[in-house]
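Chemist: Predicted model and sequence below, questions to follow.
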Amino acid sequence: MSAEEQQDRVFKALSDHRRREILDLLRDEPRTTGALCEHFAGLDRCTVMQHLGVLEKAGLVLVRREGRTRWNYLNPLPIKEIHDRWISRYATGAVALLARMKRDMEGA
């Protein structure tokens, strides 16, 4: 799979608010699939599992099984790669512009 295809999967995974909420929960601590299902009481287990599948395919969630228990862990690396490619490059220019504006305003 190409880097572009992998980034497409990450963007698709991040496009749904429930998947972003799952990632927020996993940022705090690893959780079992059962615990995630309990958190999303309005969704059935199958729907939560589908969301986890999208996150796993995007590489945002890593899974470890202990017997019948499935532990889900956040993998922040794909988000960092998106940040490095798409955000930091543009933020540098914006910060430089703000610094110039500050100097110009203070000098006036």
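Modeler: Received it, and whenever you're ready, just let me know what you need.

Chemist: List the buried residues in the helix or strand in which Ser88 is found.
Modeler: Taking DSSP states H and E as the definition, one finds Ser88 inside helix 88-107. The neighbour-count check on helix 88-107 (16 or more other Cβ atoms under 10 Å) flags nothing as buried. The way it works is simple: take the backbone N, C-alpha and C, and place the C-beta from them, glycine included.

Chemist: which secondary structure elements does it contact?
Modeler: Using 3 or more Cβ pairs under 8 Å, 6 or more residues apart in numbering; DSSP states H and E as the contact criterion, helix 88-107 has no neighbours among helices and strands.

Chemist: buried set for the helix or strand encompassing Arg65?
Modeler: Under the criterion of DSSP H and E, Arg65 resides in strand 61-66. If you call a residue buried by 16+ other Cβ under 10 Å, then strand 61-66 has these buried ones: Val61.

Chemist: Just the angle for the next helix-or-strand element following that strand relative to strand 61-66, thanks.
Modeler: Next along the chain after strand 61-66, taking DSSP H and E as the criterion, comes strand 69-74. Here strand 69-74 runs at an angle of 150 degrees relative to strand 61-66 (axes from the mean of the first three to the mean of the last three Cα atoms, to 10 degrees).

Chemist: mind listing what's buried in strand 69-74?
Modeler: Within strand 69-74, the residues scored as buried using 16+ other Cβ under 10 Å are Arg70, Asn72, Leu74.
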